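quick one, what's the 3D model for this:
(chains A and B)
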Amino acid sequence: MIVDSAAEFDVREYLRMEMMPHFLCPGCGHGIALRALLWAIHELGIDKDQLAVVSGIGCAGRLSAYIDANTFHVTHGRPLAYATGLALARPDLHVVVITGDGDCLAIGGNHLIHACRRNLKLTCLMLNNEVYGMTGGQVSPTTSESRLTTTTPLGNAEPNFDACALAAAAGASFVGREVTHHVPKLKELIRSGLAHPGFAFIEVLCDCTEIFGRKNELGSSAEMVLRQKSDLRPSAYRDSVDTPFRSNDLPTGILAKTDRPEYGAAYRKAAAAQRASKAAKASTGANKGKA
Amino acid sequence: MNAVEQALSPKAALRLISGNHACALAAVAAGCRFFAGYPITPSSEVAERLSQLLPEVDGVFVQMEDEIASIAAVIGASMGGVKALTATSGPGFSLKQENIGYAAGAEIPCVIVNVMRGGPSTGMPTRPAQGDIMQSRWGSHGDYPIIVLAPASVREIYTETLRAFDLAETCRTPVVLLYDQVIAQLTETVDLADAKDLRNAERKWASGPRETYQPYATGEDGIPAMSRPGAGYRVHTTGLNHAENGFPTQNPEAVARNLGRLLTKLDRHREAIDSWQAIGCADAEVVIVAIGISARAATRALDLARARGVRLGLFRPVTLWPFPETALREATKNARAVLVPEMNAGQLSLEVERILGGKRVDAIHRYNGEPITPAEIAERAEALAKEAR
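Purely as a prediction, here's the structure:
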């Protein structure tokens, strides 16, 4: 059920307003995704002091600086690894990762699959704009086939990842996808991810209008965002491909949800059990004589 | 009694342990409660030991997916306010360098053990080398400060690990513990009786109102107070050049001011950082400068040469970086020449030449995986002494 709390949600309460104006291009989808994230945080009543946002490098990575929380802008591809240490050391914090398609699937791909497998409580928001925007528009692991970028002047000949299929195959206990066109639905998905007691992977399809859209003559930002509604992504030159590559038909919403033990809690439980068992042995003298 | 209390109990002061085991015990004693690592010879015993020890003290051990993730997780844990360690060897140390630069630049305390083995590349995993002397100082891009400690015995691995955590916390910097495969896997009887005077230093924590807190304020000693997530400060930490408020800046004055403070902050704490050992240097004809297993061979060489009437001295930097320059100059002022035996193609000797500018500096460079023997050092030093007479 979609609860429209838009009226009582003031995004400025969650932003560092002294950092405005932000650096995003006109028409960029990242600001919409950021608003949806903060809206979900607001609805869940997460304390800003207990919120830690870890982000990587790229346009998505720069978003953490605008959030009024404990924010960590780390190295390229590594936010999930930094967040793993932070969340394991500080289980009291609510740790959110903001990453991009290049940060998460190319340079950071190894950390993604292992974070999915490990199932530590983290929310990973991957903003997919199909391109390396910060560096000027190079091809990324999610660039649609045949698209033009500054490094695919002949059109992209590589198949593109379906990030959600990849995350699900790697064992992520929560996987979801949404588009920036549907803000309340996006907020609902992020809210579900934030509330999930394990690793939640959420892909947000964001338009890069200034660089990717212009290069591929995809129209104005309004036209691009409307196209998300009609046919989620422009058609690729193949009708269908095997997973983990992306098909033309992109499902949205919660795509996978399983109930697996959360890693941090499982580790602490095992450690506590071992301490208790050793203490019991010591008190009964069972350990006497042992070195 | 848990394993840690056992290790530190008065009855257990005399222990027969390996260097890597000593490192793990000292880390826990120093208050380290997080370890992230990746298996690599010859450092894996540090991880294995800590996987047993940390759960006993409510700490966390995690084996990460790779070397980069390990250092990243360690920095992440430390950003959360927990003392953290990782351990690796040459190939892994290379992979960690970008993030070591992040820790240096964002001033996140952490300790990195690098057990040196043969190189380059995969090199000789089970053979000793001292080929990371320069990488430990200059391995990451750009200009940054770092502390590197070079213990030469199992006992010293214990005491220097304690000191590594203290320095990392008080100077807000990554600290590298650099020792070679021989020292790492050497098993010695060590007396830890007087190693219990733990300082267990804590980093300087932010206090006062959020409105006036500057996460990278210059402060009196050049070390800004750090804020703990959850304490209400809600600051931004970044690898981009930043101003006092922690936010990225490209303002030339702000960058020069803040990077300038970062690059000179260790200068103000040299008294606590510097550590060296000088043996018989006052009347020495030739002073040997060495670290790790080469320094231990040199200690024996001193006796061999003295028995034959040649006066040798030994200068051993325990803190390798920043290099104890003044102490080296003092220790070598009466010597006619200096000899640097090291297990690489010439690294420590370059720094010694730089510091002693003009004095004769000879070297034994060995990179075949075989430690340099006391006899070899004595022979070369004696020849050097006679030439210089």
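
CA atoms for contacts and neighbours, from now on please.
Fine.

excluding its backbone neighbours, what's nearest the residue of the stretch 51-200 of chain B found nearest chain A?
Closest contact between the stretch 51-200 of chain B and chain A, by Cα to the nearest Cα, is at B:A73 (3.8 Å). Leaving aside its sequence neighbours, B:A73 sits nearest to A:G85 (Cα to Cα, 6 or more residues apart in numbering or on different chains; 3.8 Å).

residues in contact with that neighbour?
Counting by Cα atoms under 8 Å, 6 or more residues apart in numbering or on different chains, A:G85 makes contact with B:36, B:72-77.

swap in 7 Å and give it another go.
By Cα atoms under 7 Å, 6 or more residues apart in numbering or on different chains, A:G85 lies in contact with B:73-74, B:76-77.

mark which of those residues are part of helices, please.
In this view, the contacts of A:G85 that belong to helices under DSSP state H are B:73-74, B:76-77.

quick check, nearest of those residues to A:R90?
Minimum distance to A:R90 across the ones in helices among the contacts of A:G85 is 7.5 Å, recorded for B:A77 (Cα to Cα).

could you chop chain B up by domain?
Following the assignment in automatic domain parsing, chain B carries domains at B:3-196, B:210-270, B:276-388.

deepest-packed of the ones you listed, please.
The highest mean neighbour count among the domains of chain B, using mean count of other Cα atoms under 10 Å in any protein chain shown, belongs to domain B:3-196: a mean of 23.

can you list the residues of chain A near chain B?
Applying Cα under 7 Å from any Cα of the partner chain, we find that chain A lies next to chain B at A:49-50, A:65, A:68-75, A:78, A:81-86, A:89-90, A:111, A:114, A:271, A:275.

okay, the residue of the stretch 51-200 of chain A found nearest chain B: pLDDT?
Chain B sits closest to A:G85 of the stretch 51-200 of chain A, with a gap of 3.8 Å, by Cα to the nearest Cα. Predicted confidence (pLDDT) for A:G85: 98.

could you do A:A222 as well?
For A:A222, the pLDDT comes out at 89.

circling back: for A:S173, which of the domains of chain B is the nearest?
When the domains of chain B are compared by Cα to Cα, domain B:3-196 sits nearest A:S173, at 18.7 Å.

which residues does residue 173 contact?
Chain wasn't specified; assuming chain A. A:S173 makes contacts with A:119, A:198-200, A:256-260, as judged by Cα under 7 Å, 6+ apart.

that's the wrong chain, I wanted chain B
B:T173 touches B:103-104, B:107-110, B:146, counting by Cα under 7 Å, 6+ apart.

what sits against the residue nearest to it when sequence neighbours are not counted?
Distances taken as Cα to Cα, 6+ apart place B:P109 nearest to B:T173, at 4.7 Å, with adjacent residues excluded. Residues near B:P109 by Cα under 7 Å, 6+ apart: B:78, B:168-169, B:172-174.

looking at these, which are in helices?
Checked against DSSP H, those include these in helices: B:78, B:168-169.

circling back to that earlier point, please verify my assumption that the residue of the stretch 51-200 of chain B closest to chain A contacts B:A36.
Yes - shown here, B:A73 and B:A36 form a contact pair, counting by Cα atoms under 7 Å, at 6.4 Å.

ok so, going back, tell me the helix or strand right after the host helix or strand of the residue of the stretch 51-200 of chain A closest to chain B.
If you go by DSSP states H and E, A:G85 is part of helix A:79-89. The C-terminal neighbour of helix A:79-89 among helices and strands, as given by DSSP H and E, is strand A:94-100.

for that next one, what is the distance to the chain centroid?
For strand A:94-100, the distance from its own C-alpha centre to the chain's C-alpha centre is 6 Å (Cα atoms, centre = their mean, to the nearest Å).

partners of it, with directions?
In the sheet, strand A:94-100 lines up against strand A:51-55 (parallel), strand A:122-128 (parallel) (DSSP bridges).

could you export those strands as CSV, including mean neighbour count and mean pLDDT?
CSV is the format used below for those (neighbours: other Cα atoms under 10 Å in any protein chain shown; pLDDT from 0 to 100):
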stretch, mean neighbour count, mean pLDDT
strand A:51-55, 28, 98
strand A:122-128, 28, 98
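
mind checking which of those is nearest B:E370?
Relative to B:E370, the nearest member of those by Cα to Cα is strand A:51-55, separated by 45.4 Å.

could I get the average pLDDT for the helix or strand just after the closest one?
Going down the chain from strand A:51-55, the next helix or strand is strand A:70-73, by DSSP H and E. Strand A:70-73 shows a mean pLDDT of 98.

in three-state terms, label the closest residue to A:C59 other than its chain neighbours for me.
Distance criterion Cα to Cα, 6+ apart; nearest residue to A:C59, sequence neighbours excluded, is A:M134 at 5.5 Å. Following DSSP: H, G, I helix; E, B strand; the rest coil, the label given to A:M134 is coil.

shaky segments in the stretch 101-250 of chain B?
Filtered on pLDDT under 70, the stretch 101-250 of chain B yields the residue ranges B:196-199.

can I assume B:N20 is in contact with B:A184?
Yes - the criterion here is Cα under 7 Å, and B:N20 meets it with B:A184 at 5.1 Å.

quick revisit: so the residue nearest to A:C59 makes contact with A:G61?
No - using Cα under 7 Å as the test, A:M134 is too far from A:G61 to be in contact (9.8 Å).

these two: who's more crowded?
A count of neighbours by other Cα atoms under 10 Å in any protein chain shown puts A:G61 above the other of A:M134 and A:G61, at 26 against 15.

hey, which helix is longest across chain A?
If you go by DSSP H, chain A has its longest helix at helix A:263-283.

what are the boundaries of the strands in the stretch 1-150 of chain B?
Here the stretch 1-150 of chain B has its strands, by DSSP state E, counting those that start in this stretch, at B:14-18, B:34-37, B:60-63, B:84-89, B:110-116, B:147-149.

now the ones you listed in CSV, with distance to A:Y14?
Output for these, formatted as CSV (distance: least, Cα to Cα, whole Å):
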stretch, distance to A:Y14
strand B:14-18, 52
strand B:34-37, 31
strand B:60-63, 32
strand B:84-89, 31
strand B:110-116, 31
strand B:147-149, 38
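
could you dump these to JSON lines with distance to chain A?
Below are these laid out as JSON lines (distance: least, Cα to the nearest Cα, whole Å):
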{"stretch": "strand B:14-18", "distance to chain A": "12"}
{"stretch": "strand B:34-37", "distance to chain A": "7"}
{"stretch": "strand B:60-63", "distance to chain A": "7"}
{"stretch": "strand B:84-89", "distance to chain A": "9"}
{"stretch": "strand B:110-116", "distance to chain A": "12"}
{"stretch": "strand B:147-149", "distance to chain A": "22"}
